[in-house]
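# Need coordinates for the following:
(one chain, ligands or ions: 1)
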Amino acid sequence: MKELLLALPHRDESYRVLIGPGLRLGLGYLLSPLDFPSRLFLISDSRVARLHGAAVQSALAEAGYTSTLLTTPPGERAKTWTVAQRLARELLRLGAHRASPLIALGGGVVGDLTGFLASIFMRGVPLIQVPTTLLAMVDAAIGGKTAINLPEGKNLLGTFHQPRLVVIDPDFLHTLPPKERLNGLAEVLKAGFIRAPDLLTYLETVGPSLFKNPAAVTDIIYRAAAIKAQVVAADEREAGLRRILNFGHTLGHALEQAAAFRLSHGRAVAFGMLAALILSEKLVGLPQEEAQRGRRLIQSFGLVRRAPALDLKAILAALPMDKKRLEKDLVFVLLRRLGEPVIQTGVPLTLIKEALRKVLGGGG
Ligand SMILES: NC(=O)c1ccc[n+]([C@@H]2O[C@H](COP(=O)([O-])OP(=O)(O)OC[C@H]3O[C@@H](n4cnc5c(N)ncnc54)[C@H](O)[C@@H]3O)[C@@H](O)[C@H]2O)c1
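Residues are numbered from 1 along each chain as shown. Predicted structure coming up:
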């Protein structure tokens, strides 16, 4: 088992992030030191519940816990006020109280929704994250950001509520569809680009057969999760450093939106990272051979195969800014070297368009 400690010094708080194959089967014993009441509430989506709910519930029972499993529909549509309220009312009916821990068993959607609920139910109850997608393991489950969506947009209602423990079992990934693995892989690459050239070297070495190598999967989860934990520990509320986690996401989000979400998040971020590498070369002196190395790595994992046919205007319209102030307000994370991010505003619109045309080829 590998272990990270996420310390939040300004609040004198810390929590452990445990990583290891099979950990889900010992979940109850891992919770024992936290002195929770013996009644626990698991929240999961129906797909994860069907695949993994029973094993996790029996692991809790083995350590003397009684658990109730509440489920949501799978996918982004569960991150709503309606679902949060329904879960809160079910918890009340089942007798949950101020000390009742909620365990999020699922991907980033379940993690965000359960985290949000845990932060407001009875003015806040303990949260445990048990991520089951690669994206949640290396990103969403760590750092305490919670959210639900509004019809006006994603993640518009949210809180910061740190978990008391994060338990990452890479064995959950055996049932994860390949497309979902790629979503997580884009975030692993991002972690390497912003903070850890050695992780990029490692990914180059293991290559696209990564998922056939369980030890390598555990390793990359550990390395990428460590980067997320370091960044969050230094800047919990995204006042500065945490913004570097948006590398590839400025244009990635716009591409996702312009494609009306037919482009997966991971592929959208991968195209966004390709564009950010071009802008980094042009604006902040990223050496050409490093940009080329980054491009090759992104391409080698099949993330940017077949560029979507998207209208440049639609992509620019999806950027989160007043069009008149676009160049001034739009924040990009660029790289001076691989592993050395800079926050850049004032990127000329002509360069943004040029970069998008290059990465989308005929599609742009
Ligand atoms: N809080 C944060 O810091 C943060 C960071 C990044 C992303 N997010 C959020 O995370 C969400 C995306 O998370 P995601 O990509 O994990 O998506 P997800 O939670 O929707 O999971 C993707 C799909 O995989 C299925 N699934 C999950 N685990 C499985 C498993 N082990 N086997 C088989 N199927 C499984 C789910 O049922 C779902 O259909 C977004 O809502 C995003 O806003 C939050």
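
# Check the average confidence over the helix or strand harbouring Leu31, would you?
Assigned by DSSP states H and E, Leu31 belongs to helix 27-31. Across helix 27-31, the average pLDDT comes to 98.

# Over to stretch 342-349?
Averaged across stretch 342-349, the pLDDT comes to 92.

# Might you name the residue of the stretch 251-364 of the chain sitting closest to the ligand?
Closest contact between the stretch 251-364 of the chain and the ligand, by Cβ to the nearest ligand atom, is at His265 (6.4 Å). All C-beta atoms are positioned from the backbone trio N, CA, C, and that covers glycine.

# near the ligand, anything from the following helix or strand past the helix holding Leu31?
Going down the chain from helix 27-31, the next helix or strand is strand 39-45, by DSSP H and E. Yes. Counting by Cβ under 6 Å from any ligand atom, the ligand has neighbours in strand 39-45: Asp45.

# Pull the residues that contact strand 39-45.
Strand 39-45 is contacted from outside by 31, 52-53, 56-57, 60, 65-75, 78, 87, 91, 94-96, 100-107, 109-110, 113-114, 117, using Cβ atoms under 8 Å, 6 or more residues apart in numbering.

# In contact with the closest residue to the ligand within the stretch 151-300 of the chain: list those residues for me.
Residue nearest to the ligand within the stretch 151-300 of the chain (Cβ to the nearest ligand atom): Thr175, separated by 3.6 Å. Neighbour list for Thr175: Leu51, His52 [criterion: Cβ under 8 Å, 6+ apart].

# Quick check: which helices or strands does the helix holding Leu31 pack against?
Judged by 3 or more Cβ pairs under 8 Å, 6 or more residues apart in numbering; DSSP states H and E, the packing partners of helix 27-31 are helix 54-62, strand 165-168.

# Quick one: distance of it to the chain centre.
Helix 27-31 sits 24 Å away from the centroid of its parent chain (Cα atoms, centre = their mean, to the nearest Å).

# Need the contact partners of it.
Residues contacting helix 27-31 (Cβ under 8 Å, 6+ apart): 18, 23, 40, 56, 59-65, 101, 128, 130, 165, 167.

# same thing but at 7 Å, please
With contact meaning Cβ atoms under 7 Å, 6 or more residues apart in numbering, helix 27-31 is reached by 18, 23, 56, 59-60, 62-65, 128, 130, 165, 167.

# Could you find the closest non-adjacent residue to Phe36?
With Cβ to Cβ, 6 or more residues apart in numbering as the criterion, Phe36 has its nearest non-adjacent residue at 4.9 Å, and that residue is Pro101.

# That neighbour against Gln129, yeah?
No. Here Pro101 does not reach Gln129: they are 11.2 Å apart, not a contact under Cβ atoms under 7 Å.

# Ala118 - how many residues pack around it?
By the criterion of other Cβ atoms under 10 Å, Ala118 has 27 neighbours.

# so what's it up against?
Leu102, Val125, Leu127, His161.

# What are the contacting residues of stretch 209-228?
2, 4, 17, 19-21, 137-139, 142-143, 168, 170, 173, 181, 187-188, 191, 195-196, 199, 202-203, 206.

# I would like a PyMOL command selecting only the buried ones among these, please.
One line in PyMOL is enough to select the buried ones among those; burial here means 16 or more other Cβ atoms under 10 Å:
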select buried, resi 4+17+19+20+21+137+138+139+142+143+168+170+173+181+187+188+191+195+196+199+202+203+206
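
# Sort out which of the contacts of helix 27-31 are buried, if you could.
Leu18, Leu23, Val56, Ala59, Leu60, Tyr65, Ile128, Val130, Leu165, Val167.
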